[in-house]
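A.B. asks: quick one, structure for this:
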Amino acid sequence: MPIVAQSTETTDWVSRFADEVIAESERRAAGAKTSDATAPGVVVASGLSPSGPIHLGNLREVMTPHLVADEVRRRGHRVRHLISWDDYDRYRKVPAGVAGVDESWAEHIGKPLTSVPAPKGSPYPNWAEHFKAAMVDSLAEMGVEFDGISQTAQYTSGVYREQILHAMRHRRDIDAILDQYRTKKAPAKKSQKPLDEAELEAAEGSGAAAEDDGGSGSAGYFPYKPYCGNCEKDLTTVTAYDDDSTELTYACTACGFSETVRLSEFNRGKLVWKVDWPMRWAYEGVIFEPSGVDHSSPGSSFQVGGQIVGIFGGEQPIGPMYAFVGISGMAKMSSSKGGVPTPADALKIMEPQLLRWLYARRRPNQSFKIAFDQEIQRLYDEWDRLDAKVAEGGALPADVAAHARAVGTAAGELPRTPRPLPYRTLASVADITAGHEDQALRILAELDPADPIASLEQARPRYDKAEAWINTHVPADQRTVVRQEPDAELLKSLDEPSRQSLRLLLDGLADHWSLDGLTHHVYGVPKVQAGFPADATPKELPPEIKTAQRTFFALLYHLLVGRDTGPRLPTLLLAVGQERVRTLLGE
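C.D. replies: Purely as a prediction, here's the structure:
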């Protein structure tokens, strides 16, 4: 891949991890027998289970190594970012709320995800492919390059055969390591606050962290679990195994089926999770892979894997723990909730640059929220201010780095909106015009008469994102509906100061017909009415002017949209148009 972007090396968290990864890669290479020409370069990894909608918390599993890999790549190193699709995992439960899925899907519990039918109406061949597809599309939109590996393909084609046989030969060593952590669960501590089901399921992650480690049965410990040859489920128990012949006998507790197979030829099963993960670290030579809280606590997969990986001749990767990602304005995340927000949901209402920035600006162990409510407008304001500061050269180094990681990768910049007008303005325009693009263009062209936009394409895709947010996340009772006729009763009841304020507004309307002009004019009317200059600053005004402004604004909202509040008044006035504003305000 050509390196077309400069390194953003600074003191930000991404650069610090890139330093560690490069140093670790060089240390390993110094002791390796593989020549530089055939070495895979720096390998970073992510693991995703397509057991249901892959949510915005799971995205951190990808974005953390992606950002580090991209920085390493910017510095001129070869990098491979693996995403292991854990599609050979068992189907654990029926996710709530997934369209086309009902409780009849429970009959598939225990089968590999690739053996479960896709939800009804899906164009994909199975459950795993259905949920994988949406994530692949989202990652492409976000500029995330990766090598995807299907664990179904790896296991069923025999790629891991030697690793499986090796694990079985060393099962007592593995069992001894695992046994150090097999303790009775301590009584659950009383939570400081009640946890709802969504929070509990979000903390669960994919569910692999709690998977059976293959604990000893009557025939001993086995780190391998076959899928039944009759019912396809993993509700099986290994009852005998011979190391020399590799003959393995298992029985299925679900259907009663039993058979004896040669593990040296058998491809319908997998290593248990706590053995599977470190086996892959060794097999792929992974140098960096983060993990969620569910895999990083004492005695969990990452800690145990750090010991088991040595059995396979490998080393534990650098593995920071990442915190959960919260949601503002939608139900809490959970990987088995049908309504859980996914990257695709977020990309419908925000540009990929903003979503990348949210992950880049916070260290992995810092939690943050992604906004689906009004907070998205504040986030966009913050992003636009940063964009301007970077362009002017006034941003702090770490902020410059986060911005650079958001707007592009080593391969180049992501497509941008040519005229990135304020998101809150675009949302207000989309709200008021309700899909009428000609009206939207008229309003947007009047925002800056000195440099009007010529077509909506100049405001896209940001305009489309704002419109989608209005249409999908703003309740109907909060949408803006402009009055068809003047509120004659309210106009008749106004006192003289209120009438005077409307006259002052209307008299200066034509001269201030732009976004900046109307902003100055609307805020200036109460000042002028009280005997102060329209451009007087807050420090030059008595506190009661703010009260007068709020009263004036409420009056305008009532006369224009019949409510106390609404979109920003300058935007609303432009949207309604001069002639209609004059009519509704009683001229």
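A.B. asks: okay, CA-based contacts and neighbour counts for the rest of this
C.D. replies: Will do.
A.B. asks: so which bits of the helix or strand hosting residue 133 are buried?
C.D. replies: Using DSSP states H and E, residue 133 falls within helix 127-141. The neighbour-count check on helix 127-141 (16 or more other C-alpha atoms under 10 Å) flags 127, 128, 129, 130, 131, 132, 134, 135, 136, 138, 139, 141 as buried.
A.B. asks: quick one: the first one from residue 111, how far?
C.D. replies: Spelled out, that is residue 127. For residue 127, the distance to residue 111 equals 11 Å [C-alpha to C-alpha, to the nearest Å].
A.B. asks: same check on the fifth one?
C.D. replies: Going from residue 131 to residue 111 by C-alpha to C-alpha gives 16 Å.
A.B. asks: before we move on, what about residue 510?
C.D. replies: In terms of C-alpha to C-alpha, residue 510 sits 70 Å off from residue 111.
A.B. asks: quick one, which of those two is more surrounded?
C.D. replies: Higher neighbour count among residue 510 and residue 111: residue 111, with 21 against 12, using other C-alpha atoms under 10 Å.
A.B. asks: got a pLDDT number for the spatially closest residue to the more buried one that is not a sequence neighbour?
C.D. replies: Excluding the flanking residues, the one nearest residue 111 by C-alpha to C-alpha, 6 or more residues apart in numbering is residue 233, at 4.3 Å. The model reports residue 233 with a pLDDT of 97.
A.B. asks: next, the contact list for residue 233, please.
C.D. replies: Contact analysis of residue 233 by C-alpha atoms under 8 Å, 6 or more residues apart in numbering lists 90, 108, 109, 110, 111, 112, 227, 254.
A.B. asks: re the thing from before, run the chain-centre distance for the helix or strand just after the helix holding residue 133.
C.D. replies: Where DSSP H and E defines the elements, the next helix or strand beyond helix 127-141 is strand 147-150. The chain centre lies 20 Å from the centre of strand 147-150; the measure is C-alpha atoms, centre = their mean, to the nearest Å.
A.B. asks: quick one: strands adjacent to strand 147-150?
C.D. replies: strand 79-85 (parallel) (DSSP bridges).
A.B. asks: buried sites along the strand it pairs with?
C.D. replies: Going by 16+ other C-alpha under 10 Å, strand 79-85 has these buried residues: 79, 80, 81, 82, 83, 84, 85.
A.B. asks: and if you look at stretch 427-441?
C.D. replies: 427, 428, 429, 430, 431, 432, 433, 434, 439, 440, 441.
A.B. asks: next: stretch 391-409.
C.D. replies: Those would be 395, 397-409, for stretch 391-409 by 16+ other C-alpha under 10 Å.
A.B. asks: end to end, how far does that stretch reach?
C.D. replies: 18 Å.
A.B. asks: quick one: mean pLDDT for that stretch?
C.D. replies: Averaging the model's pLDDT scores along stretch 391-409 yields 96.
A.B. asks: what's in contact with that stretch?
C.D. replies: Contacts of stretch 391-409 (C-alpha under 8 Å, 6+ apart): 5, 8-12, 67, 70, 143, 352-357, 360-361, 386-387, 389-390, 413-414.
A.B. asks: hey, which helix or strand in the protein has the poorest pLDDT?
C.D. replies: Here the helix or strand of the chain ranked lowest by mean pLDDT, DSSP states H and E is helix 197-204, holding a mean of 42.
A.B. asks: for the host helix or strand of residue 282, list the C-alpha coordinates in PDB.
C.D. replies: Assigned by DSSP H and E, residue 282 belongs to helix 273-284. The C-alpha trace of helix 273-284 is given here as PDB (Å, rounded to 0.1, in the frame of the first residue of the first chain):
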ATOM      1  CA  TRP A 273     -12.400 -20.400  23.900                       C
ATOM      2  CA  LYS A 274      -9.700 -20.000  26.500                       C
ATOM      3  CA  VAL A 275      -7.400 -22.300  24.400                       C
ATOM      4  CA  ASP A 276      -8.600 -21.200  21.000                       C
ATOM      5  CA  TRP A 277      -7.700 -17.500  21.500                       C
ATOM      6  CA  PRO A 278      -4.000 -18.000  22.600                       C
ATOM      7  CA  MET A 279      -3.600 -20.700  19.900                       C
ATOM      8  CA  ARG A 280      -4.500 -18.000  17.300                       C
ATOM      9  CA  TRP A 281      -2.100 -15.500  18.900                       C
ATOM     10  CA  ALA A 282       0.700 -18.000  18.300                       C
ATOM     11  CA  TYR A 283      -0.600 -19.100  14.800                       C
ATOM     12  CA  GLU A 284      -0.900 -15.600  13.400                       C
END
